[in-house]
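# Make a model of this:
(one chain, ligands or ions: 2)
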Amino acid sequence: MNQFIYTGRAARVVFGPGSLRRLPQEVEALGARKALVLSTPEQHDLAQRAAALLGARTAGVFSGAVMHVPVEVAREAHAVAQQLGADCAVAIGGGSTIGLGKAIALESGLPVLAVPTTYAGSEMTSIYGLTEGGLKRTGRDDRVLPRTVLYDPELTLTLPVSMSVTSGINAIAHAAEALYAANTNPILNLMAVEGIAAIGRSLPQIARPHPGDASAQARLHARSDVLYGAWLCGSVLANVDMAIHHKLCHTLGGSFDLPHSETHTIVLPHALAYNAPAAPEAMRRIAQALGSASAPGAVFDLARDNGAPVALRDIGLRADQIDRACDLALSQRYPNPRPLERDAIRQLLMDALEGRRPA
Ligand SMILES: NC(=O)C1=CN([C@@H]2O[C@H](COP(=O)(O)OP(=O)(O)OC[C@H]3O[C@@H](n4cnc5c(N)ncnc54)[C@H](O)[C@@H]3O)[C@@H](O)[C@H]2O)C=CC1
Ligand SMILES: O=C(O)/C=C\C(=O)CC(=O)O
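Ligands and ions are numbered 1, 2, ... in the order given. The predicted model follows:
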């Protein structure tokens, strides 16, 4: 029998090709007069484009966003926002840039307008992450939830194929863990399955388009479908507890400096295999959404067949770091369908290190 608590989140979502053009209206609708535009150094030109669209509503551009939001960068960006008298932050980019917007909001309460250009899903969550002294901590605070999100699939056309695949699987991870979270509910399950299915069917079209699918329209259609899936997957992450998969990835990212979406992509099949005996219904739904008989196998194949890395060794982890990663991951308590068993988690990490396909 259903029994659940569901808190709807209040973000305004504008979705569709060309949505970026609505930026000035949407900043105005927030009641803001001066926006600080945030980006990574690599997306400085895009930030300048957003600033040009905003015209007199631009306070300035800060292009210093860095993955996992080091506290030093968060403090610097907050100081710049104060100096320039910004009353709103426009975060244009992936999870790193949106994370920086969240860090400013956490400190100052400034509203954030997010324009995501990857599939990480951070724009839909009130989860923030900050890294200090080699440790990443995450928290939840409603102040950091972006008030408005502009999803413009045209902005994702430049996302390299490799990053598109790993970022899409990062989004699948949110939905997969939602399906076995103790605090999930029927609405979230629907969104999770739909999100996984959209990403599962359209990622291969981005990575390996058939000759007939190579037109600009077909490419945009596939990008739009994956972005739609990412929106759903981010929305479900916002409402559930993160379990072993996300905790392992945060440990590997925060303490071993591994890249975020690649780490998610490699660890997810093994985290699912770990939890499979304790969460059979979630596995059935994930497998079905991906058109397969096995959830761990389907995620592994989606990565491998579309050119993503499948071994932690290949993105910089060494075998002699596994024990420390295991200790760090076990040093926190968090809900997980299967109890946290050291030997089995060590084996999970070894399998991920070597890139073995889960049985
Ligand atoms: N708080 C939350 O709910 C979530 C937070 N995150 C956080 O987000 C960070 C990772 O974000 P990601 O989106 O994976 O990567 P990212 O934001 O670090 O982007 C990776 C690189 O790709 C570039 N890039 C992004 N979009 C592009 C595009 N369309 N075209 C060309 N280049 C583009 C960026 O400028 C950057 O150089 C991590 O710190 C992670 O913890 C991720 C998911 C959810
Ligand atoms: O670091 C954060 O901002 C917190 C959450 C996530 O990164 C979610 C994820 O692991 O994709």
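# ok, which stretches of the stretch 101-250 of the chain are strands?
Assigned by DSSP state E, counting those that start in this stretch, the stretch 101-250 of the chain shows strands spanning 112-116, 127-132, 135-140, 148-151.
# okay, residue 213: pLDDT?
According to the prediction, residue 213 has pLDDT 68.
# Go through the strands of the stretch 101-250 of the chain and pick out the most buried.
Of all these, strand 112-116 has the most neighbours on average by mean count of other CB atoms under 10 Å, namely a mean of 28. The C-beta positions use only the backbone N, C-alpha and C, and glycine is treated the same way.
# Export that strand to CSV, keeping only CA atoms.
Output in CSV follows, covering the C-alpha atoms of strand 112-116 (Å, rounded to 0.1, in the frame of the first residue of the first chain):
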residue,chain,number,x,y,z
VAL,A,112,20.0,31.7,-8.8
LEU,A,113,18.9,31.3,-12.4
ALA,A,114,20.5,28.2,-13.9
VAL,A,115,21.1,27.5,-17.6
PRO,A,116,22.4,23.9,-17.6
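# right, is it up against ligand 2?
No. For a cut-off given as CB under 6 Å from any ligand atom, strand 112-116 has no contacts with ligand 2; the smallest distance is 12.8 Å.
# Sort out which residues of stretch 35-50 are buried, please.
Residues of stretch 35-50 classed as buried: 35, 36, 37, 38, 39, 40, 43, 46, 47, 49, 50 (neighbour count, 16 or more other CB atoms under 10 Å).
# and the gap between the last one and residue 77?
To tie it back to what came earlier, the one meant is residue 50. 16 Å (CB to CB, to the nearest Å).
# sorry, back to before: can you flag the weakest of the strands of the stretch 101-250 of the chain by average pLDDT?
Ranked by mean pLDDT, the strands of the stretch 101-250 of the chain end with strand 135-140 at the bottom, a mean of 87.
# How much space separates residue 338 from residue 245?
Separation of residue 338 from residue 245 (CB to CB): 12 Å.
# let me redo that: residue 66
Distance from residue 66 to residue 245, by CB to CB: 23 Å.
# more neighbours, those two?
residue 245 (24 against 16; other CB atoms under 10 Å).
# OK, contacts around the more buried one?
Applying CB atoms under 8 Å, 6 or more residues apart in numbering, we find residue 245 in contact with 173, 176, 177, 264, 267, 268, 271, 272.
# Closest approach to ligand 2 from the chain, which residue is it?
With CB to the nearest ligand atom, the shortest gap between the chain and ligand 2 falls at residue 129, namely 2.3 Å.
# excluding its backbone neighbours, what's nearest that residue?
Nearest residue to residue 129, sequence neighbours excluded (CB to CB, 6 or more residues apart in numbering): residue 138, at 4.6 Å.
# In this structure the one you found contacts residue 131, no?
No. Counting by CB atoms under 8 Å, residue 138 does not reach residue 131; the two are 10.0 Å apart.
# What's the end-to-end length of stretch 127-147?
One end of stretch 127-147 to the other measures 14 Å (CA to CA, to the nearest Å).
# which outside residues touch that stretch?
The set of residues external to stretch 127-147 that reach it, using CB under 8 Å, 6+ apart, is 9-12, 30, 68-71, 74, 91, 98-99, 101-103, 105-106, 109, 111-114, 123-126, 237-238, 242, 250-251, 253-255.
# Give me the buried subset of these.
11, 30, 68-70, 74, 91, 98-99, 101-103, 105-106, 111-114, 123-126, 237-238, 242, 250-251, 253-255.
# what residues are up against residue 13?
Neighbours of residue 13 in contact, by CB under 8 Å, 6+ apart: 148, 149, 151, 231.
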